[in-house]
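Visitor: Give me the fold of what follows.
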Amino acid sequence: MGALSFSRSRKPLGQLPVAHFGTRAGAAGLIINVDELVVESAEKVSPSEKHEYLTKVVTSRGIGWGIRVRGAIPQSVRDSTFLQQLIVPRRSGDAGVSETHNRLLNRPLSSLLRREKYLAVPKTISNQRNYLAVSSYDPEILPLDSLLVIDADSGTTFGWLSSNAFWLWTQVVSSNAPSATVYMAYNSFPAPALSSPKKKAILESAANTVLRSRGHFLQTSLNELYDIPPAQLLWAHQKLDAVVNELFDLAGDASDAEVIDALISRYRLLAAA
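Guide: Model (predicted):
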């Protein structure tokens, strides 16, 4: 059907909420992947102020901790022996971001957190799986820039992103734009408007089936779960796929080739409008 071109628009072409990348750790003055002993020590520095320098973070590899060592840190915390050991002295020739010119460093760390629950997916397009590892996170967990973040944590958005149709679309995008991230795939995904409350409810119900299935494997990380999906989870995803295919006016058991053709045709119609 010929090569496709994609715009750099920040607004989704289909019926999806706006997405953005998470916060860059360095820009926020965070050291990440610290161990529990470091966290325990940091919490003792100033428990009442800890949310301004200590926070949970999530990356494409999972949830961990981040400690802020520059910027608007409470003075009592900045002066602590513990944090002083983490701060690398800056020399005039050092590369990096100046505190005085970085607006993120001059904001309280708590102000970078989301206001409500949000969805996030790894920003790098992978061809190793048939589904993205989509997850919902609480607002006190700061998403970092290895993730694409959607502030609207809705069942419909989770359903679109968790479908085989969306994964197939990421493969179409990466084959036409090799340096593309999931952000480009997300913004160009031709999700149709759900014309009735019934269609929305059906998609949300199928998405919830996937979530309930994942609930049986809480001791397994999301990445491990999708490396070799158990039969129960695959069954739930196949039910979701059938619903999504029908929303694109396809048979529930449509082949990957049929789904790709439908996505490309709809994308071209929307892009030309």
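Visitor: and residue 240, what element?
Guide: According to DSSP states H and E, residue 240 maps onto helix 231-247.
Visitor: Show me the strands in the stretch 101-250 of the chain, by range?
Guide: Using DSSP state E, counting those that start in this stretch, the strands of the stretch 101-250 of the chain run over 118-122, 135-137, 141-143, 147-150.
Visitor: Can you add mean pLDDT and mean neighbour count and give the ones you listed back as a markdown table?
Guide: For glycine as for every other residue, the C-beta is placed from the backbone atoms N, C-alpha and C. As requested, those are exported to a markdown table (pLDDT from 0 to 100; neighbours: other Cβ atoms under 10 Å):
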| stretch | mean pLDDT | mean neighbour count |
| --- | --- | --- |
| strand 118-122 | 95 | 23 |
| strand 135-137 | 93 | 18 |
| strand 141-143 | 96 | 21 |
| strand 147-150 | 96 | 24 |
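Visitor: closest to residue 6 out of the ones you listed?
Guide: Residue 6 sits nearest to strand 147-150 of all those, at 15.3 Å, using Cβ to Cβ.
Visitor: So which residue is smack in the middle of the protein?
Guide: What sits nearest the mean C-alpha location of the chain, by Cα atoms, centre = their mean, is residue 120, with 2.2 Å.
Visitor: For it, name its beta-bridge partners.
Guide: residue 135, residue 149 (DSSP bridges).
Visitor: mind checking how far it is from residue 250?
Guide: Per Cβ to Cβ, to the nearest Å, residue 120 is found 28 Å from residue 250.
Visitor: can you count the residues close to the residue nearest to residue 28 when sequence neighbours are not counted?
Guide: Excluding its sequence neighbours, the residue lying closest to residue 28 (Cβ to Cβ, 6 or more residues apart in numbering) is residue 104, at 5.1 Å. Residue 104 has 18 neighbouring residues, counting by other Cβ atoms under 10 Å.
Visitor: wait, isn't residue 104 in contact with residue 26?
Guide: No - counting by Cβ atoms under 8 Å, residue 104 stays clear of residue 26, with 9.6 Å between them.
Visitor: Contact partners for residue 232?
Guide: 213, 216 (Cβ atoms under 8 Å, 6 or more residues apart in numbering).
Visitor: 6 Å instead?
Guide: Contact partners of residue 232, counting by Cβ atoms under 6 Å, 6 or more residues apart in numbering, are residue 213.
Visitor: just residue 31 next, same as before
Guide: Here residue 31 is in contact with 67, 69 (Cβ under 6 Å, 6+ apart).
Visitor: Now do the SS call for it.
Guide: strand (DSSP: H, G, I helix; E, B strand; the rest coil).
Visitor: per-residue pLDDT, it?
Guide: The model reports residue 31 with a pLDDT of 89.
Visitor: For beta bridges, what are the partners of it?
Guide: residue 67.
Visitor: Tell me how far it lies from residue 169.
Guide: With Cβ to Cβ as the criterion, residue 31 and residue 169 are 36 Å apart.
Visitor: Next: residue 223.
Guide: With Cβ to Cβ as the criterion, residue 223 and residue 169 are 21 Å apart.
Visitor: Can you pick out the residue with more neighbours from the two?
Guide: Set residue 223 next to residue 169 and count neighbours by other Cβ under 10 Å: residue 169 wins out with 25 against 13.
Visitor: I'd guessed the more buried one sits against residue 264; true?
Guide: No - assessed by Cβ atoms under 6 Å, residue 169 is found out of contact with residue 264, at 9.0 Å.
Visitor: quick one, helices of the stretch 151-273 of the chain?
Guide: With DSSP state H, counting those that start in this stretch as the criterion, the stretch 151-273 of the chain has helices at 155-161, 164-176, 182-188, 197-214, 222-227, 231-247, 256-272.
Visitor: Out of those, which gets the lowest mean score?
Guide: Among these, helix 222-227 scores lowest, with a mean of 86.
Visitor: pLDDT weak spots in the stretch 1-150 of the chain?
Guide: 1-2, 88-101 (pLDDT under 70).
Visitor: centre of the chain versus stretch 178-190, how much separation?
Guide: For stretch 178-190, the separation from the chain centroid amounts to 13 Å (computed by Cα atoms, centre = their mean, to the nearest Å).
Visitor: what sits up against it?
Guide: Counting by Cβ under 6 Å, 6+ apart, 6, 12-14, 19, 121, 123, 125, 148, 169-170, 173-174, 266-267, 270 sit against stretch 178-190.
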